[in-house]
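Novice: Below is the sequence, then the predicted model.
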Amino acid sequence: MKFRLSILLLIVCLQANGQFVPSVSPTPGLMIPGVLSADPVVGIELIPQFAPIAAGKSFGLAVVLTVPDGWHLYANPNKGDFGLKTEIIPQHVEGLGFGKVIYPPGEKYVDKNLNSTDYIYRGRVVCYVPVEVMTIEAGSVLLEFEFKGQLCGEAGTCMQWQDSASAELTIATAAMEAKLNRPELFEGIDLAAAWRETDAASATTDQFASDEWLKPILFALIAGLVMNLMPCVWPIIPIVVMTLMKQCSTQEGQANRAESIKVGLAFAAGILIVFAGLAVVMSVFKLLWGQHFQSNVFKFVLLNYFYSSAFILVGWASAHAV
């Protein structure tokens, strides 16, 4: 009893000193889009090279991203140590062809929180999507794009960035004169080179498309095996095995083989269900794995949960000892 009171007094003192109370911190709180706080908005503007667009011609579409102050996206390709690259994904439109997106190189950035060097996009960033009008007749067509990447603040908070945007294009007959739209945006852009890279990338993609689903699964299995060798996991494995064997033991002290297999499968299924549930939660709230630990509120709740569990276990052990 005295031991439990001493631990409780220590916890109260620590919380009174503010060490575990969620307060002002150099790392902002967790940002769950649309739930806990207003997430920063990246401005998106789609600007076609010509207006109207001549049927049977190719043109460039400028994608202007405006990253809010104090935040950054990671460059594509990201040659640094950390971060998910920014991606612009054109949605299929019958009669239109899309070339390889042209991304700017990004600026070098040293992240003091992660002690890493990365290449990022800040402020106003212009990317280019080569587009070819193939079989569309004169009229209008809606272009739709999806965007994804990782948006990080200067203080260390990161969140998954997903967005979409659309633009309506006017397709004219070949006889109509196409007027150049915002020419300053398209100076020095080599769309022909982008089309050549698109052809080369298409051949490579067709060759390795069958392996796209296999590599992530293989890497996940390897990562799982490596995790079993970690110091925080390896000593627990024999304890778990002995506990399961004890549950399956008969009155004679021998483990029932069929019962052992059933309990082992139930244990494995429980782990899979828990982590599948976590994956669903992270996907619904558009969070990166581990991002929730950036929230002081989350850490405070988790800390008190473990304290409560410890008190329950201590009380249970004391009751059995008596």
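Specialist: Structure received. From a predicted model like this one, the values you see are computed outputs, not experimental measurements.

Novice: can I assume Glu87 is in contact with Lys148?
Specialist: Yes - at 5.2 Å, Glu87 counts as touching Lys148 under the criterion of Cβ atoms under 8 Å. C-beta here means a position set from N, CA and C on the backbone, and glycine is covered the same way.

Novice: how about the helices in this protein?
Specialist: Under the criterion DSSP state H, the chain carries helices at the ranges 2-16, 191-208, 214-227, 236-247, 257-284, 296-321.

Novice: tell me the mean pLDDT over the second one?
Specialist: The one in question is helix 191-208. Averaging pLDDT along helix 191-208 gives 60.

Novice: Mark out where each domain of the protein begins and ends.
Specialist: According to the domain assignment given by automatic domain parsing, the chain is divided into the following structural domains: 43-199, 218-289.

Novice: Check those domains for me: which has the lowest mean pLDDT.
Specialist: The bottom spot among these, by mean pLDDT, belongs to domain 218-289, with a mean of 80.

Novice: Quick check: closest non-adjacent residue to Tyr103.
Specialist: Counting by Cβ to Cβ, 6 or more residues apart in numbering, the nearest residue to Tyr103 once its immediate chain neighbours are dropped is Asn76, at 4.2 Å.

Novice: for that neighbour, phi and psi?
Specialist: In this entry, Asn76 is assigned phi and psi values of phi -120, psi 110 (degrees, to the nearest 10).

Novice: Against Tyr109, how distant is it?
Specialist: Between Asn76 and Tyr109 the distance is 14 Å, computed by Cβ to Cβ, to the nearest Å.

Novice: Then Asn115?
Specialist: Distance check for Asn115 against Tyr109: by Cβ to Cβ, it reads 12 Å.

Novice: ok, back up a step: what number of residues lie near the residue nearest to Tyr103?
Specialist: Look at Asn76: counted by other Cβ atoms under 10 Å, it has 20 neighbours.

Novice: again with the one 3 residues further on
Specialist: Residue crowding around Lys79 was assessed by other Cβ under 10 Å; the count is 13.

Novice: OK, contacts around the spatially closest residue to it that is not a sequence neighbour?
Specialist: Sequence neighbours aside, Tyr119 is the residue nearest to Lys79 in space, at 5.6 Å (criterion: Cβ to Cβ, 6+ apart). Listed by Cβ atoms under 8 Å, 6 or more residues apart in numbering, the contact set of Tyr119 reads Tyr74, Ala75, Asn78, Lys79, Gly80, Pro105, Gly106, Glu107, Lys108, Tyr109.

Novice: Noted, bye for now.
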